[in-house]
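J.: 3D model of this:
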Amino acid sequence: MRRWPLLVVLALAPLWVIGILCRGAWTPDEPREADIAWRMSLQTDRTLPQLADTPFLEKPPLSYWMSGAAIEVYGDSPAAARVPNLLYAVIVALAVGALAFAMDGGTAAIVAALVAGTAITAFRVSIWLAPDACLLAGAAIALLGAYLGFSAPPGRSKLFGYTLMHIGAAIGFMAKSAPGWLVPATALIAIILWERRWSELRRWELYAGLLAQVLLIGPWIYEVSVSVHGTDALRSLFWNNVVGRFTQVAGPGTIDYTLGHKNKPGKYFLELPVYLLPWTLLAVAAAWRAWGRLRAGSNRSTPWRFAISAIVPFLLLLTFAATARDIYAAPILLGFGLLIGLWLSELVVGARRSSLSRVDLFAIQGTNVVVGLIAVGFATVLVILALAAPGLSGINYAINAVVVVAIALITLLFASNMLRSGDPLRSLAWTYTAYATTLTLSGLAIFPVIDRLQDLPSLARNIHDDARGGALALLDPDETTIAMLDHRLRTQFVELDTQSDSAGNVVSAWLRSQGPRAHVLVKLPGRASGDVKRLLDRIHPTPAPDDGVAATLVSSGVATVVHRYELPEGRRYALLGVVE
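T.: Purely as a prediction, here's the structure:
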């Protein structure tokens, strides 16, 4: 099992390549992140990231530095901006694998790395152009360092572990602020309290690594503090954007983060089974075994306790936050990877001595069923595309659907045979093969379709050309609209805010002040029609979306529609002009 890092990288590489390098920039968030990364590649002062010439003060700049550097080397494209994600994903897999290897050897390392890399929410974070991928890498390094430091004897080994923890925390902080510290801190404090190792808090090795954080974070904070409006920038970065995620922060001009992605009691606990797919049942079996081991008071309980400490405290912290998104929970999936790795490692040893328990059998068999259902789900999407697409394209989608289901069923049959022969490790290896193959083959067919539905650059070019020659305003734009018009085009515009007045008054006053060649861009509600929607409407017709505020402005005589823009199954916009 010494070659476990090579096995892990080879097993995950197809998913990384397809998800990171073989698609465009998708909403939500990626068009915004792509514009910030492009801006960073052009900035002479890279202290703060920028969105359309405006400082973007929601996150520190490490991931933007990395993506900006990749764009400088490989050119401006979504794939180039995501090249650092390959590094982040490799770090997560190897760091989690190394942690599990330190806990229980090669089997635990392989399983933990694969689960942490492919649980659906963790996988989505790893391939997405956003700071969360870099945060996850920092969290994995920090957890590895925390465990090595906690379990090592005093001296160099303990110093190495805790210094590694501080380096990982600094990386996480520079990617997404406070969560970079919270993930390792909550895990380490929890395991110290659980095992009553109070002396660990007095170890000089625990605090020596703080120097690494000072050296990595301090110069950037200093540069922010001496920049124009540095005090306001620091307040936005470390007060509004951190404390504001947990409670409403009052103040003039502050962003109220509690208004978006609102949390609900128990939201994370209810959605956790989805975050863990397709390994949810394995996580249940692992948690059940952990409960039994901890109740029995095993001498080797520290690895189990640390895995639980990497999950529960941070999950509880998220539960009390005012905002909630599935990607915020990605770091806890690292702990579940460890838990499942420990479970399977012990299961493999136990399977040589006795038959598997009912819980273990149900978890493995149920996971095969879940993976099979995922394959059928992707095949169903391909069949819908086949029915909606004309000619050869439709035939290709249909063939892909058959291939996906066939390969999944064949590999899952191998998995079942291995389980019947008493080999849970090889059984789950075939299950993973079925899952990875399904994602890879389906992605090759479906991602180009999504790219066409999300072709925002072509939409932006048309808007830019049609609005040229006069002033342009965006009515209550979202960040995606701002980003797509700024990226490469540097479209000049102003933003019109209707929070303090009606849309009619705001637009009317602006158009009068700018003259007859002025335009206002309005995002229309709903999605445009396309081949898929027309096909589904035969089964269950749905009304076409209206024009929302644009219709109100036109009917009241404030403006007239000059151009309409839409992507099939995608965004809709209207360019309004002066009524002649």
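J.: mind listing the strands for this protein?
T.: Using DSSP state E, the strands of the chain run over 50-51, 54-55, 472-475, 494-496, 519-524, 560-566, 572-577.
J.: how about TSV for these, with mean neighbour count and mean pLDDT added?
T.: Yep, even glycine has a C-beta here, placed from its N, CA and C like the rest. Output for the strands of the chain, formatted as TSV (neighbours: other CB atoms under 10 Å; pLDDT from 0 to 100):
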stretch	mean neighbour count	mean pLDDT
strand 50-51	19	95
strand 54-55	16	92
strand 472-475	22	96
strand 494-496	14	94
strand 519-524	24	96
strand 560-566	15	95
strand 572-577	22	96
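J.: Low-confidence regions, the stretch 151-300 of the chain specifically.
T.: For the stretch 151-300 of the chain, the stretches with pLDDT under 70 are 243-260, 298-299.
J.: can you do 50?
T.: 251-254 (pLDDT under 50).
J.: nearest to Arg202, of the strands of the chain?
T.: Nearest to Arg202, of all those, is strand 54-55, at 41.9 Å by CB to CB.
J.: from the middle of its chain, how far away would that closest one be?
T.: 23 Å (CA atoms, centre = their mean, to the nearest Å).
J.: Over to stretch 6-24?
T.: On CA atoms, centre = their mean, the centre of stretch 6-24 falls 15 Å from that of its chain.
J.: Quickly list the domain ranges of the chain.
T.: Domain assignment of the chain by automatic domain parsing yields the ranges 4-249, 358-453, 456-577.
J.: quick revisit: quick one, which of the strands of the chain is nearest to Thr231?
T.: strand 54-55 (13.1 Å).
J.: who does the closest one touch, helix- and strand-wise?
T.: Under the contact definition 3 or more CB pairs under 8 Å, 6 or more residues apart in numbering; DSSP states H and E, strand 54-55 sits against no other helix or strand.
J.: Can you tell me the strand partners of it and which way each runs?
T.: Sheet pairing for strand 54-55, assigned by DSSP bridges, gives strand 50-51 (antiparallel).
J.: about what we covered before: so which of the domains of the chain is the most packed in?
T.: domain 4-249 (a mean of 20; mean count of other CB atoms under 10 Å).
J.: what's near enough to touch Val125?
T.: 132-133, 136, 327, 330 (CB atoms under 8 Å, 6 or more residues apart in numbering).
J.: from these, which single one is nearest Leu536?
T.: Ile327 (28.5 Å).
J.: Surely that closest one touches Thr121?
T.: Yes: using CB atoms under 8 Å, Ile327 makes contact with Thr121 at a distance of 6.6 Å.
J.: Just give me the neighbour total for Lys262.
T.: 11 (other CB atoms under 10 Å).
J.: ok so, going back, of the domains of the chain, which is nearest Ala307?
T.: domain 4-249 (7.9 Å).
J.: now stretch 51-67: how far from the chain's centre is it?
T.: Using CA atoms, centre = their mean, the offset of stretch 51-67 from its chain centre is 17 Å.
J.: what about that stretch, how long is it end to end?
T.: Between the opening and closing residues of stretch 51-67 there is a gap of 14 Å (CA to CA, to the nearest Å).
J.: Which parts of the stretch 301-450 of the chain are helices?
T.: Ranges of helices within the stretch 301-450 of the chain are 302-309, 312-319, 330-351, 358-388, 391-420, 424-453, based on DSSP state H, counting those that start in this stretch.
J.: tell me what the longest one is packed against?
T.: Here helix 358-388 touches helix 280-296, helix 391-420, helix 424-453, helix 531-539, going by 3+ CB pairs under 8 Å, 6+ apart.
J.: So for Asp360, which of the ones you listed sits nearest?
T.: Of all those, it is helix 280-296 that lies closest to Asp360, at 5.5 Å by CB to CB.
J.: measure the residue nearest the centre of the chain to Ile332 for me?
T.: With distances taken as CA atoms, centre = their mean, Val125 lies nearest the centre of the chain, 2.5 Å away. Distance of Val125 to Ile332, computed by CB to CB, to the nearest Å: 12 Å.
J.: cool, Arg289 as well?
T.: 18 Å.
J.: One more: Val83?
T.: Val83 is 27 Å from Ile332, by CB to CB.
J.: go on, Pro219?
T.: Following CB to CB, the distance that separates Pro219 from Ile332 is 31 Å.
J.: Same question for Tyr207.
T.: 26 Å.
J.: Same question for Leu489.
T.: For Leu489, the distance to Ile332 - CB to CB - is 40 Å.
J.: quick one on the thing from earlier: nearest approach to Gln499 belongs to which of the helices and strands packed on helix 358-388?
T.: helix 424-453 (30.8 Å).
J.: same for that closest one, what does it pack against?
T.: helix 4-16, helix 106-118, helix 330-351, helix 358-388, helix 391-420.
J.: what's the angle between that helix and helix 106-118?
T.: Angle, helix 424-453 to helix 106-118, by axes from the mean of the first three to the mean of the last three CA atoms, to 10 degrees: 20 degrees.
J.: okay, and for the stretch 351-500 of the chain, where does confidence drop off?
T.: 353.
J.: which residues does the residue lying closest to Leu441 once chain neighbours are set aside contact?
T.: Closest residue in space to Leu441, ignoring its immediate chain neighbours: Val404 at 5.2 Å, by CB to CB, 6 or more residues apart in numbering. Contacts of Val404 were listed using CB under 8 Å, 6+ apart, and they are 375, 378-379, 382, 437-438, 441-442.
J.: Check the spacing between Gln335 and Ala286 real quick.
T.: You called it Gln, but residue 335 is Gly. Counting by CB to CB, the gap from Gly335 to Ala286 is 10 Å.
J.: With Pro154 instead?
T.: In terms of CB to CB, Pro154 sits 32 Å off from Ala286.
J.: May I see the buried residues of stretch 334-350?
T.: Residues of stretch 334-350 classed as buried: 334-348 (neighbour count, 16 or more other CB atoms under 10 Å).
J.: model confidence over that stretch, on average?
T.: Averaged across stretch 334-350, pLDDT comes to 92.
J.: same deal with stretch 71-87?
T.: 97.
J.: Which of Arg289 and Ile332 has more residues huddled nearby?
T.: Ile332 (26 against 23).
J.: Relative to Arg490, how far out is that one?
T.: Counting by CB to CB, the gap from Ile332 to Arg490 is 40 Å.
J.: same deal with Ala95?
T.: Ala95 sits 39 Å away from Arg490 when distances are taken as CB to CB.
J.: again, but for Ala80
T.: Relative to Arg490, and taking CB to CB, Ala80 is found at 19 Å.
J.: Then Pro60?
T.: Distance of Pro60 to Arg490, computed by CB to CB: 25 Å.
J.: Over to Trp220?
T.: In terms of CB to CB, Trp220 sits 27 Å off from Arg490.
J.: what's around Gly266, how many residues?
T.: For Gly266, using other CB under 10 Å, the count is 9.
J.: isn't it right up against Thr319?
T.: Yes: contact criterion CB under 8 Å: Gly266 and Thr319 qualify, at 7.4 Å.
J.: coming back round to it: identify the farthest-apart pair in the contacts of Val404.
T.: Among these, the pair separated by the greatest distance (CB to CB) is Leu382 and Thr437, at 14.0 Å.
J.: Thanks again, I'm all set now.
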